[in-house]
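Asks: could you look at this predicted model? Sequence included:
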Amino acid sequence: MNNLGSFSEKSLLNYSELAAEKNHVVIDVYLLKRMDFIAAGSLLNLSSALKSAGKSVELRSPSPLLATLFVTMGFTAYVKMARRKH
């Protein structure tokens, strides 16, 4: 599992390579504390590309703040979001 505490373009490349082998891609963001708008846009682009390739994508366990960012940016058009349970 990739530690997304420090999200980067390299992380996206790793996910892209791993996703090529899977039909269902799970990105667990439980450890992710914050994300800037540019990184969120890159993740949205990756999610869109995976969906276009016929893969299902799930964002698992975002914090309430990140879930709000993801919904506002339109992630729900491309991914299933499994929110944290408190």
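Replies: Good, I have the coordinates. Numbering: from 1, shown residues only.
Asks: going by C-alpha atoms from here, please, whenever you check contacts or count neighbours.
Replies: Fine.
Asks: how about residue 44, secondary structure?
Replies: The three-state label given to residue 44 by DSSP: H, G, I helix; E, B strand; the rest coil is helix.
Asks: so what's it closest to, chain neighbours aside?
Replies: residue 75 (6.2 Å; Cα to Cα, 6 or more residues apart in numbering).
Asks: now do the contacts for residue 23.
Replies: 54-56 (Cα atoms under 8 Å, 6 or more residues apart in numbering).
Asks: which of these lies closest to residue 71?
Replies: residue 56 (17.1 Å; Cα to Cα).
Asks: report pLDDT for that closest one.
Replies: Residue 56 carries a pLDDT value of 94.
Asks: if I look at it, how far off is residue 65?
Replies: Residue 56 is 23 Å from residue 65, where distance means Cα to Cα, to the nearest Å.
Asks: ok, the two, which is more surrounded?
Replies: Per other Cα atoms under 10 Å, whichever of residue 56 and residue 65 has more neighbours is residue 56, with 18 against 11.
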